[in-house]
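> model this:
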Amino acid sequence: MANFKGHALPGSCFLLLGLCWSVMYPLRHCWRRRQPKGRQKLPLFFNRIDLTEGTLIIFLAFVGIMAEQFVPDGPHGHLYLRETKSWVKLMNWQHSTMYFFFGIWGIVKVLRFLFYFHVHMRPPLDTHIHSLLFVAVFGVAASTLLEVFMRDNILLELLRVSLTILQGSWFFQIGFVLYPLNGVQWDLQAHDNTMFVTMCFCWHLAVALLIVGINYWMGWCCVQRCAGKGGDIEIGMRKTSSSQKALLQDSDEE
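Numbers count the residues shown, from 1 in each chain. Next comes the predicted model:
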């Protein structure tokens with residue numbers, strides 16, 4: 001909304017968040033300062049605050065989008081009018097887009113809370129094997145982000161493919177460790193099992209890179225073979241045309 005209300009609404013949102021953070025972050029810092037070394041883990045109260053904060057951000061983003069779209073002079077969900085061949089309230093649509101990405105931030109905060117409690121208070125091996133999955137997930141996200149700025153970069157594409165394969169195979173590894181098909185349960189407290197699982201992660205990565213490398217080589221061979229056949233056909237056509245020219249010249253002389 002290109003008016004006072006349109007600026008007061010996001011201003012109120014940021015003021016509310018800023019005031020909440022001005023209480024939460026000093027409280028969190030002071031609590032950590034008073035804890036002995038080695039016991040810096042935050043209590044459940046602070047994690048619930050993060051969940052509440054993410055939910056609040058999603059709610060504020062939803063209110064902002066609805067306010068931009070469905071005010072009396074808003075676009076009401078219409079972006080383009082065919083009758084007049086013109087855009088509808090692009091200012092409101094831009095503000096709605098800003099609120100939308102603001103809401104994505106809130107969704108990420110809620111998902112982070114869910115991922116944290118997915119392995120919270122679980123045995124060490126269970127926690128560790130899930131934390132290794134985050135490496136593959138972060139790698140895929142980072143390579144995808146770089147591809148936005150570096151289009152058609154084969155190294156980034158192959159890296160993303162390799163990490164995607166790693167992510168898929170590691171899900172199977174998690175299943176085999178936590179829910180073995182042979183019924184023999186792993187010792188989830190043993191440090192040796194944690195070390196072995198870490199080695200398995202490296203082997204999974206090596207196999208993923210090997211698969212991508214083999215597929216790249218096979219693709220290169222196919223392209224070279226197809227290009228070679230095309231070249232032979234082209235050479236044959238050239239020879240035929242040259243022989244035809246020679247015959248025509250001989251016929252003219254006769």
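> centre of the chain versus stretch 49-61, how much separation?
21 Å (C-alpha atoms, centre = their mean, to the nearest Å).
> go on, stretch 107-118?
How far stretch 107-118 lies from its chain's middle: 15 Å, per C-alpha atoms, centre = their mean.
> Could you pull up the mean pLDDT of it?
For stretch 107-118, mean pLDDT rounds to 77.
> Could you give me the buried positions within that stretch?
For stretch 107-118, burial by neighbour count (16 or more other C-beta atoms under 10 Å) applies to 109-110, 113. Where C-beta positions appear, they are placed from N, C-alpha and C, glycine not excepted.
> Among these, find me the one that's closest to residue 125.
Using C-beta to C-beta, residue 113 is the member of the buried residues of stretch 107-118 that lies nearest residue 125, at 23.0 Å.
> Now the element after the helix or strand containing that closest one, going C-ward?
Using DSSP states H and E, residue 113 maps to helix 90-118. Downstream of helix 90-118, the next assigned helix or strand under DSSP H and E is helix 124-149.
> and this structure, what are its domains?
According to automatic domain parsing, the chain comprises the domains 1-118, 122-254.
> Comparing the ones you listed by mean pLDDT, which bottoms out?
With a mean of 78, domain 1-118 has the lowest mean pLDDT of the domains of the chain.
> chain center to that one, what's the gap?
Distance of domain 1-118 from the chain centroid (C-alpha atoms, centre = their mean) equals 20 Å.
> what packs against the helix holding residue 113?
Packing partners of helix 90-118 (3 or more C-beta pairs under 8 Å, 6 or more residues apart in numbering; DSSP states H and E): helix 4-34, helix 44-70.
> Report the angle between the last one and helix 4-34.
What that stands for is helix 44-70. 170 degrees (axes from the mean of the first three to the mean of the last three C-alpha atoms, to 10 degrees).
> Mind giving me the packing neighbours of helix 44-70?
Against helix 44-70 (3+ C-beta pairs under 8 Å, 6+ apart) you get helix 4-34, helix 90-118.
> Turn those helices into CSV, columns for distance to residue 175.
Listed next are the helices and strands packed on helix 44-70 as CSV, based on distance: least, C-beta to C-beta, whole Å:
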stretch, distance to residue 175
helix 4-34, 36
helix 90-118, 15
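> Let me know which of the ones you listed is tucked in deepest.
Most buried of those by mean neighbour count (mean count of other C-beta atoms under 10 Å) is helix 90-118; its value is a mean of 15.
> check contacts around residue 108.
residue 54 (C-beta atoms under 8 Å, 6 or more residues apart in numbering).
> meant to ask about residue 73, not that
Residue 73 is in contact with residue 89, counting by C-beta under 8 Å, 6+ apart.
> For it, what are phi and psi?
When read as degrees, to the nearest 10, the backbone of residue 73 gives phi -100, psi 20.
> Nearest to the middle of this structure, which residue? Look it up for me.
What sits nearest the mean C-alpha location of the chain, by C-alpha atoms, centre = their mean, is residue 141, with 3.6 Å.
> Grab the nearest non-local neighbour of residue 139.
Closest residue to residue 139 apart from its sequence neighbours, by C-beta to C-beta, 6 or more residues apart in numbering: residue 163 at 4.2 Å.
> Alright, I will stop here.
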